[in-house]
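Visitor: Got a predicted model here, sequence first, then my questions.
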Amino acid sequence: MKLVIAQMKHETNTYSPVPTPLARFATGAAVPPEGAAAVAAYRGTGSALGAFIELAEEAGAEYTVPIAASAWPSGPVHDAAFEHIAGRICDAVAQGCDAVLLDLHGAMVTQTFDDGEGELLRRVRAIVGPKVPIGVALDMHTNLYDAMGANATAIAGYQTYPHIDMHATGLRAGRAVLAQLAGKAKPTMAWGRNAMLPHVMRQGSADSPNRELQARCQQMEAEGALCASLFVGFPNADIRDAGLSAVVVTDNDPALARRWCDELLALAWEQREKFVYRIEPLAESMRRAQALAATKPAAGGPIVLLDHSDNCASGGTMDTMTVLGAILDAGLEDVAAFAIYDPAAVQQMVRAGVGADITLSLGGKLDMPAIGLKGQPRTVSGRVRFLSDGRYRNRGPMARGEQGDMGPSAVLDTGRVQIVVISDHVEPHDLAAFTAVGIAPETKRFVMLKSRVHWRAGLGSLAQAVVECAGTGVCTSDYDLLAFKKVRRPIYPLDAAAAK
Ligand SMILES: [Zn+2]
């Protein structure tokens, strides 16, 4: 038995000005790892790719990993990057194999293709023909196109957000395919979409309604589905099929797959109002933060200030200064802020050295033309407190064991606020990112995070309160700021009369 196992993961925010060349898929190198290097990077990690490798080795299968490519979310993937990665995968598949296992995201847009995964799967299917099974692990933020369902054999999506079940998802998709190879199952799949764009801030799987929707998926799997997945979708993408969808894989029972898929879609539609996020004005959030500091015990853990409009794990520039500026203006004390993306500012601090006093024009280097905003740096003075190479290994529970790399990094201490400044995007979902820059967030009064939901994976248990702060950025939850030109209409909640 010979398997081709590969990864191409990118969530595309079509409003993001952050470019997506091949190097963004390579974690500090020029090109993503291939072959033995790819296996070494992912074997034993909490990723879907790690799970595929595990399954192949358990089964005693011969396998090859032509490429493992994962990039932080950003703007449309450059055509050359897509062709490089897809080319490696297709070349390997063309050598002949019994099955293909792919660790994909599901919301990748390239310069040419609005449905990047559908295009990849179409190419792979054209090479292997109709009989070779293709198993696919997808992120819960998949924007599902028909070409994905039509060309895959078994699709499994994450059932948690924060995504702490990537590995389990790989096992679900991989086992369905291996069961087919062993003649023990015949996967049949049904999929569908709802005309709805849930707000990301309301998508967490600890919250209703996604908690109940994912529980129903797990129940279907307990009742015999090979894989049942409800995708909340990624709304900061102006493409036709953005939004909520579902896929159910059964064992040789297409009617049951259809019925269960339709049940999931109907449940989500009934609950659509719960997916709508109400935005609190930033001034009100700051007042609430001050009031919380006056009443909450100092030793109870930090109050998290969530800068959710500028989350790099949703394509944010990670350099807007609106929320950090409000924190500085409000005079909040004992704050750690993670993080501002500004490689030039890091270099200034490196040259000045630890202990030096410095004044910087910080952040705001990237314009955001898709939402009509210019970057607005802010002049900040402080002392260089810490310098780091920015490399760390995730402790989990999300992406456990994977390498993190925020590039050369520095901490600017204003006396009240310790600002982490980084040179490569990372979302603060793991304590190791803080340890790498010498900060213990559990000891701070406030922690500002550029994140929406994933921070809860590694830091959620520390927080004694959360204040959601609506700053500026391309991850805004204010749909009025996003020009939706290509998404199918009508769609809820953009259109009051949205039909199903
Ligand atoms: Zn996701």
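Guide: That came through fine. Just so we're clear, the structure is a prediction, and the values are computed from it rather than from any experiment.
Visitor: which residues sit in contact with the one residue in the chain that gets nearest to the ion?
Guide: Closest approach between the chain and the ion, counting by C-beta to the ion: residue 141, at 3.6 Å. Every residue, glycine included, has its C-beta placed from N, CA and C. Residues counted as contacts of residue 141 (C-beta atoms under 8 Å, 6 or more residues apart in numbering) are 11, 105, 106, 107, 200, 231, 232, 233, 234.
Visitor: Surely the second one and residue 139 touch.
Guide: Yes - with contact defined as C-beta atoms under 8 Å, residue 105 and residue 139 form a contacting pair (4.7 Å).
Visitor: hey, what's in contact with both of those two?
Guide: Common neighbours of residue 105 and residue 139, using C-beta under 8 Å, 6+ apart, are 9, 11.
Visitor: contacts for stretch 480-497?
Guide: The contact list for stretch 480-497 (C-beta under 8 Å, 6+ apart) reads 15, 114, 195-197, 236, 238-243, 272, 276, 370-371, 476, 479, 498-499.
Visitor: mind running it again at 7 Å?
Guide: 15, 195-197, 236, 238-243, 272, 276, 371, 476, 479, 498-499 (C-beta atoms under 7 Å, 6 or more residues apart in numbering).
Visitor: next one: stretch 43-57
Guide: 3, 5, 7, 39, 42, 63, 68, 101, 103, 137, 166-167, 169-171, 174-175, 178, 396, 399-402.
Visitor: mind running it again at 6 Å?
Guide: Residues from elsewhere that reach stretch 43-57 (C-beta atoms under 6 Å, 6 or more residues apart in numbering): 3, 5, 7, 42, 63, 68, 101, 103, 137, 166-167, 169-171, 174, 399-402.
Visitor: Of the residues you listed, which belong to helices?
Guide: Those of the contacts of stretch 43-57 mapping onto helices are 42, 166, 167, 169, 170, 171, 174, per DSSP state H.
Visitor: re the thing from before, go through the contacts of residue 141 and flag which are in strands.
Guide: residue 231 (DSSP state E).
Visitor: mind putting the contacts of residue 141 in JSON lines, neighbour count included?
Guide: Converted to JSON lines, these look like this (neighbours: other C-beta atoms under 10 Å):
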{"residue": "11", "neighbour count": "24"}
{"residue": "105", "neighbour count": "24"}
{"residue": "106", "neighbour count": "31"}
{"residue": "107", "neighbour count": "30"}
{"residue": "200", "neighbour count": "23"}
{"residue": "231", "neighbour count": "27"}
{"residue": "232", "neighbour count": "30"}
{"residue": "233", "neighbour count": "26"}
{"residue": "234", "neighbour count": "30"}
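Visitor: Same list, the contacts of residue 141, but as JSON lines with distance to residue 327 please.
Guide: Converted to JSON lines, the contacts of residue 141 look like this (distance: C-beta to C-beta, whole Å):
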{"residue": "11", "distance to residue 327": "28"}
{"residue": "105", "distance to residue 327": "32"}
{"residue": "106", "distance to residue 327": "35"}
{"residue": "107", "distance to residue 327": "31"}
{"residue": "200", "distance to residue 327": "22"}
{"residue": "231", "distance to residue 327": "35"}
{"residue": "232", "distance to residue 327": "30"}
{"residue": "233", "distance to residue 327": "31"}
{"residue": "234", "distance to residue 327": "28"}
